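Q: Could you look at this predicted model? Sequence included:
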Amino acid sequence: MLAHGMGGYFLHSREGLETEYMGEDWMEAIRAAVEAAKARGGQAWLYDEDRFPSGGAGGKVQSANRAAFGARAVTVEILREGGNHPDALALFALKWQKGSLVFAREIGQNEALRSEEQLAVFREELSAPCEWFNNEAPPDNLNPAAVRQFILSTHEEYRKRFEKDFGETIRGIFTDEPNIADFRARYSPGRLWIPWTEGFAAYFAEKRGYAAASALPWIFFTGEGSFQARHDYWRTITERFCEAYSRQIGQWCEKHHLQYTGHYMGENALSSSTRMSGAVMPHYVFEHMPGIDMLTGDARELLTARQCSSVANQLGRRSICEMYGCSGWEFTFEGQKRAGDWLYAMGIDTRCQHHALYTIRGCAKRDYPPTFNYNSIWWEHNSVVEDYFARLSAALSGGRAVRPVLVLHPQSSAWGVTGAGYCQDFVWHTDDSQADALQAQMEALLQGLFNAHVDFDFGDELILEWMGEVESGAVRIGQMRYPIVVLPYLENMEDHTFALLAQFLQKGGRVLTIGNALTRIQGIADKRLQSLEVADGYASFQSLEALLEAVQALVPERVRILEAARSCECAEIACLTKEYCDHRAIFAVNTDALRDCDVRILLPQSWVGNLHAVNLLTGDMEDCAIEPWDKNFVCLAKRFMAGESALYLLENEGVHASVPRKSVEQEQILFLPPRARVTRTHPNALLLDTCRWRLGDGPWREEEQIWSMQNHVRASLGMRQIYANGSPQRYRWVFAPHPGDGARLQMEFAFEVADVPETAVQLAAEGIEGFSLFLNGETVALKPDGWFMDRCIKTYPLPALRKGRNVLLLTGRYHNACQLEDCFLLGDFGVNANRAVAKEPAFVRVGDWCLQGYFHYAGGLCYHYAFRGKPSAGARLFLGCYEGVTASVRVNGRSAGSIPWHSADGLEISAFLEKGENHIDIEIMGSQRNLLGLFHQTGGQNVWVDWTFFQRADSRIDPEYVLRPYGLMERPRIAWKGVWTRVE
């Protein structure tokens with residue numbers, strides 16, 4: 001990994017683990033990884049859980065004290081009669097009118113109900129066990145003692161063995177999705193519930209000054225007292241989670257010279273962050289590197305990214321994003337760039353690919369692909385994208401973001417409108433409509449500020465209480481100062497926030513708000529808010545447009561990016577500006593993946609020194625041409641191709657000398673031929689993913705997919721199913737003897753051969769050690785001669801195929817530990833559109849290579865071109881549209897560079913051309929998508945990919961193989977200006 005552009009790795013347990021988590025073999029594996037990083041100058045970071053979410057140490061925490069350390073909740077049961085309920089936490093008589101709770105009184109056991117009353121029985125319940133947590137309940141992360149046990153079971157175990165490497169090779173530890181309301185928790189079916197923990201009632205009374213039980217009816221049911229009760233409950237839950245989990249772990253890491261990092265569950269929405277964390281932003285205070293997760297390559301979560309980068313800015317820390325999970329095997333370098341560029345423009349300055357599997361054995365192939373390691377066929381090119389982001393990260397980490405606006409985060413308003421819910425079959429049943437409305441209004445404001453290129457941070461109210469102050473007419477949080485505060489649509493603010501804003505306005509600050517329904521302080525209606533509205537510097541607006549216009553007027557000195565045609569802000573261009581001691585860095589990216597944008601980048605006159613553009617693919621810099629715009633700004637003209645980004649470094653000193661524009665010459669073009677001789681980087685493959693099968697002396701079963709066959713086999717033998725990711729980890733059960741072990745299994749794979757290959761053919765398969773193999777009735781020795789794609793997939797030489805129908809028979813003893821997967825036929829042959837082995841084409845035309853002999857091919861295809869002559873200068877190679885993970889170019893045997901995304905098209909190749917014959921080799925690197933799947937999905941390309949998409953047998957499948965096209969999709973061309981020298 002370190003040789004392919006990575007700076008280090010998190011040592012992470014994933015699905016399918018057969019090494020006992022935190023056992024001695026596990027620790028030796030961790031030691032080997034740490035020593036490997038140390039020897040190569042890399043970093044090894046720890047990870048705190050067996051899979052995720054964090055807090056249970058693979059079930060060790062809960063098993064240490066099941067009565068105290070498993071997740072708890074308060075549930076409610078509504079009855080029409082009173083009675084004796086000795087297991088109740090509290091009993092209430094409730095009365096409703098028109099669906100609203102209007103009356104609640106606490107009653108005793110067997111106390112009679114009055115007219116129209118119903119009995120609410122509130123109980124404290126312990127979650128039932130769940131397979132995902134290795135047959136334990138989810139952990140109770142609200143319980144400080146449970147979290148201490150988590151530290152003892154994980155962090156301290158690592159400290160005993162590796163403390164000498166802490167702070168050096170081992171830089172920190174990652175926490176993954178810790179939460180207080182896991183969707184796998186199981187309480188009484190159908191009952192509403194809220195998170196709870198041992199000792200919470202006393203903690204609540206200490207914090208809020210009244211009994212938690214008295215708030216329960218109003219938390220669970222909506223009525224006049226609900227806003228305050230819910231506000232107080234969720235605020236207290238937030239404080240408890242911060243203290244029990246994040247502060248405790250953060251302090252342990254601080255003491256032991258480790259950086260605490262990772263991300264929390266539910267960070268992308270006000271409703272989910274309330275239910276699963278109370279609030280996300282306060283937890284970041286205790287992280288040395290605040291983190292988030294952005295799944296798929298297309299997610300654009302403004303709230304998620306800005307919450308994290310705000311705290312990082314305020315505390316002067318780096319931030320990290322776990323990225324690209326669920327993007328599928330076809331994920332491209334362009335997809336990496338597009339998602340990464342957007343996050344860097346949002347202020348996140350470190351990427352963490354979601355996993356680099358050391359094996360894709362068995363279920364790992366479907367563990368939210370892709371993987372970023374040797375077992376992805378494009379891995380040899382990985383340093384191209386890593387070097388790009390390394391340069392960008394170096395330029396944008398450190399310094400201070402130019403963000404003059406503080407947007408008050410509406411979390412405390414969300415607290416007041418979030419009630420109880422329940423989860424069934426992994427689906428939450430809640431009424432989050434009010435929180436969702438708050439978020440929609442807030443995100444419209446955020447998007448408006450982004451579109452206007454007015455940058456901002458969030459102000460979390462608990463963080464404001466912990467460290468906010470007024471300083472010289474600005475609100476100060478850590479190292480950031482904000483002369484402008486914007487209030488989104490709010491219903492509530494905390495008492496400390498009110499006092500801070502009042503002081504801020506008295507000191508000359510500016511507070512802008514839009515259509516506010518702000519009536520509450522600390523959850524209670526409070527007329528003191530009227531004093532803010534009449535203060536100098538406070539302005540309320542009825543429309544978002546009016547507010548944005550006012551904010552822009554208050555922030556005149558900023559980077560503006562205007563559409564060239566209309567001179568209005570170009571909303572498609574996201575921009576980040578950072579200040580350093582001697583320069584500013586300006587990063588701009590076209591977020592539109594389809595449309596080019598012609599813009600004028602306006603820079604304040606007071607900023608301008610020497611301006612340089614950085615080529616992030618090569619590291620080269622060049623001076624930029626600047627023109628006057630008006631008395632306040634200078635202008636840089638720029639055409640952003642779809643998805644293109646640009647990094648500018650603006651020096652604080654020096655008088656900028658305008659660079660003269662290059663003379664305009666007529667461009668000349670040479671189109672390369674529509675077909676080319678090609679060579680493969682990997683063996684071609686025919687997928688063998690269906691078979692007839694027979695168990696023991698039973699009848700032969702009809703042909704079906706391998707995963708479905710294995711389901712039936714395991715069901716027949718009474719074995720645990722393994723098609724679904726999420727069972728207890730394999731180390732918990734796979735080595736135990738099973739009564740069904742040793743059953744005889746036969747699998748018959750049939751395939752067609754249109755043209756017999758001239759060279760040797762191999763079978764690639766995993767998990768067939770101990771089986772016997774027959775080809776067309778002939779015994780084949782199962783002696784591996786190598787591996788394909790992953791070291792677990794062994795290759796076995798086969799005798800010659802025959803024209804027509806061929807049959808491979810695998811027969812052996814099936815065991816509980818078996819993981820049978822699709823097989824592959826490998827060799828120097830073609831695979832036609834009917835999935836028959838055919839003669840490999842000598843030439844391929846532009847267009848989809850899948851239909852030209854490479855139906856399932858997973859690898860790169862190199863197109864070979866030749867021409868005579870040489871341009872005088874400035875020759876650029878354009879590939880136009882291509883389908884692939886990345887593209888690389890060699891000219892006359894020398895590497896000329898890469899075109900890893902379409903905005904990098906136009907590769908300069910002049911230095912590699914000769915006056916005589918020239919050879920250009922264009923390698924389009926494919927992926928494993930057409931070999932590992934998805935194969936039969938309906939509805940086009942999936943944005944989200946997990947194990948469920950691979951193994952379906954319902955109306956959502958297409959019986960045909962649905963492939964992704966690969967290859968050059970149009971004729972490459974060479975463009976140049978000047979003379980073409982031909983030598984015959």
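A: Okay, I see it.

Q: count of neighbours near residue 224?
A: The local packing of residue 224 (other CB atoms under 10 Å) involves 11 other residues. C-beta coordinates here come from the backbone N, C-alpha and C atoms, glycine included.

Q: Quickly note the distance from residue 720 to residue 117.
A: 49 Å (CB to CB, to the nearest Å).

Q: Neighbour count: those two, which is higher?
A: Counting neighbours by other CB under 10 Å for residue 720 and for residue 117 shows that residue 117 has the greater number, 20 against 13.

Q: That one is in contact with residue 96, isn't it?
A: No. Under the criterion of CB atoms under 8 Å, residue 117 makes no contact with residue 96, lying 9.6 Å away.

Q: For the protein, which element, helix or strand, carries the lowest mean pLDDT?
A: strand 980-981 (a mean of 70; mean pLDDT, DSSP states H and E).

Q: Now do stretch 824-842, average pLDDT.
A: Averaged over stretch 824-842, pLDDT sits at 98.

Q: And stretch 289-309, end to end?
A: This stretch, stretch 289-309, spans 10 Å end to end (CA to CA, to the nearest Å).

Q: how far does it sit from the chain's center?
A: In this view, stretch 289-309 has its centroid 8 Å away from the chain centroid, taken as CA atoms, centre = their mean, to the nearest Å.

Q: avg pLDDT for that stretch?
A: On average, stretch 289-309 scores 97.

Q: With the flanking residues excluded, which residue is spatially nearest to residue 116?
A: residue 95 (5.5 Å; CB to CB, 6 or more residues apart in numbering).

Q: which SSE is that neighbour in?
A: Here residue 95 sits within strand 88-97, counting by DSSP states H and E.

Q: Mind listing residues that contact stretch 31-43?
A: 1-3, 6-9, 11, 44, 161-162, 165, 168-171 (CB atoms under 8 Å, 6 or more residues apart in numbering).

Q: Ok, stretch 828-845 next?
A: 674-678, 683-687, 751-759, 761, 801, 825, 850-857, 861, 863, 961, 967.

Q: Would you mind listing the buried residues in it?
A: Of all the residues in stretch 828-845, those buried under the rule 16 or more other CB atoms under 10 Å are 829, 830, 831, 832, 836, 837, 838, 840, 841, 844, 845.

Q: Distance of the third one relative to residue 842?
A: From residue 831 over to residue 842 the distance is 16 Å, taken as CB to CB.

Q: Let me see the contact set for residue 495.
A: Here residue 495 is in contact with 521, 522 (criterion: CB under 8 Å, 6+ apart).

Q: So what does the nearest residue to residue 953 once chain neighbours are set aside have for phi and psi?
A: In this structure, residue 953 finds its nearest non-sequential neighbour in residue 708, 6.4 Å apart by CB to CB, 6+ apart. Per-residue torsions, residue 708: phi -70, psi -40 (degrees, to the nearest 10).

Q: Give the burial count for residue 708, as a bare number.
A: 16.

Q: where's the residue nearest to residue 594 when sequence neighbours are not counted, which helix or strand?
A: Leaving aside its sequence neighbours, residue 594 sits nearest to residue 642 (CB to CB, 6+ apart; 5.4 Å). For residue 642, there is no host helix or strand (DSSP H and E).

Q: thought residue 406 was touching residue 485?
A: Yes. In this structure residue 406 lies within contact range of residue 485 using CB under 8 Å: 4.9 Å.

Q: Looking only at neighbour counts, state which of those two leads.
A: residue 406 (29 against 25).

Q: name the element the more buried one belongs to?
A: Judged by DSSP H and E, residue 406 forms part of strand 405-408.

Q: Can you name every helix or strand that that strand contacts?
A: helix 433-451, strand 456-459, strand 484-487 (3 or more CB pairs under 8 Å, 6 or more residues apart in numbering; DSSP states H and E).

Q: so which of these gets nearest residue 535?
A: strand 484-487 (12.0 Å; CB to CB).

Q: Packing partners of the helix or strand just after that closest one?
A: The helix or strand immediately downstream of strand 484-487 is strand 492-493, counting by DSSP H and E. Helices and strands touching strand 492-493, as assessed by 3+ CB pairs under 8 Å, 6+ apart, comprise helix 411-416, strand 520-521.

Q: strand partners of strand 492-493, parallel vs antiparallel please.
A: strand 520-521 (parallel) (DSSP bridges).

Q: mean confidence score for stretch 592-601?
A: Per-residue scores along stretch 592-601 average to 97.

Q: same thing with stretch 463-476?
A: pLDDT averaged over stretch 463-476 gives 98.

Q: what's the first-to-last distance across that stretch?
A: 11 Å.

Q: which parts of that stretch are buried?
A: For stretch 463-476, a neighbour-count test (16+ other CB under 10 Å) marks 463, 464, 468, 470, 474, 475, 476 as buried.

Q: Now find how far off-centre it is within its chain.
A: 33 Å.

Q: go on, stretch 917-932?
A: 27 Å.

Q: That stretch: end-to-end distance?
A: Start-to-end, stretch 917-932 (CA to CA) is 41 Å.

Q: State the helix or strand in which the residue lying closest to residue 477 once chain neighbours are set aside lies.
A: Spatial nearest neighbour of residue 477, chain neighbours left out: residue 314 (4.4 Å); criterion: CB to CB, 6+ apart. Per DSSP H and E: residue 314 is located in helix 302-315.

Q: follow-up on the earlier one: what about the strand holding residue 406, distance to the chain center?
A: That offset, for strand 405-408, works out to 26 Å (CA atoms, centre = their mean).

Q: Next: stretch 629-647.
A: 30 Å.

Q: What are the buried residues along that stretch?
A: 629, 633-636, 638, 640-647.

Q: residue ranges with poor pLDDT in this protein?
A: 654-665, 955, 981-984 (pLDDT under 70).

Q: Tabulate the buried residues of stretch 629-647 (CSV), appending distance to residue 796.
A: CSV is the format used below for these (distance: CB to CB, whole Å):
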residue, distance to residue 796
629, 69
633, 69
634, 67
635, 66
636, 60
638, 56
640, 51
641, 47
642, 46
643, 43
644, 47
645, 47
646, 51
647, 50
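
Q: What are the contacting residues of stretch 425-441?
A: Contacts of stretch 425-441 (CB under 8 Å, 6+ apart): 183-184, 269-271, 274-275, 303, 410, 413-414, 417-423, 488-489, 491.

Q: Out of the buried residues of stretch 463-476, which sit inside helices?
A: Using DSSP state H, 463, 464 are the members of the buried residues of stretch 463-476 that sit in helices.
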